[in-house]
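1. give me a model of this one.
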Amino acid sequence: MSDAATTLAPIAERLLGGPLPVRLCAWDGSEAGPPDAPRVVLRSPRAVRRLLWQPGELGLAEAYISGDLDVEGDLTDGLRAVWGALREGSVTPPRVTLAARARAAAGVARIGAIG
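-> Have a look, this model is predicted:
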């Protein structure tokens, strides 16, 4: 199995359309993204499943409320980093095609997060 954060980072960057504005910290201890950015902690593969099956704010909220996803430090700073990157144009979410979803699902399957 690949380390989760290293596998998920390029998938997230493709879906965001730019570099990660946060540091991903996964359940297996792996990390990816800018070291000085707010840390998004994926506590279990369920966090990825929630985001995959309910993309966007609903999946994010479900993962956060269930404790599968957390933001270390100030949640407001984490959200500011993401919204700021969107506002500045350093990330521009592309239209997600069926092929992009298939690639994302294959990457997620490699780390055992599909269920």
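
2. and for the residue positioned nearest the centre of the chain, nearest residue in space, chain neighbours not counted?
-> By CA atoms, centre = their mean, the mean C-alpha position of the chain lies nearest to residue 12, the distance being 5.4 Å. Excluding the flanking residues, the one nearest residue 12 by CB to CB, 6 or more residues apart in numbering is residue 20, at 6.0 Å. The way it works is simple: take the backbone N, C-alpha and C, and place the C-beta from them, glycine included.

3. how about residue 27?
-> residue 44 (5.1 Å).

4. go on, residue 29?
-> residue 3 (7.8 Å).

5. surely that neighbour meets residue 24?
-> No. Using CB atoms under 8 Å, residue 3 makes no contact with residue 24, being 10.6 Å away.

6. more neighbours: which of those two?
-> residue 24 (21 against 14; other CB atoms under 10 Å).

7. look up phi and psi at the more buried one.
-> Dihedral angles of residue 24 (phi, psi; degrees, to the nearest 10) stand at phi -90, psi 130.

8. for it, what are its contacts?
-> Residue 24 is in contact with 5, 8, 9, 12, 31, 32, 33, 40, 42, counting by CB atoms under 8 Å, 6 or more residues apart in numbering.

9. all helices for this protein, in order.
-> Assigned by DSSP state H, the chain shows helices spanning 4-16, 45-53, 57-66, 75-88, 98-110.

10. can I get the ones you listed in TSV with mean pLDDT?
-> Output for the helices of the chain, formatted as TSV (pLDDT from 0 to 100):
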stretch	mean pLDDT
helix 4-16	87
helix 45-53	85
helix 57-66	85
helix 75-88	70
helix 98-110	70
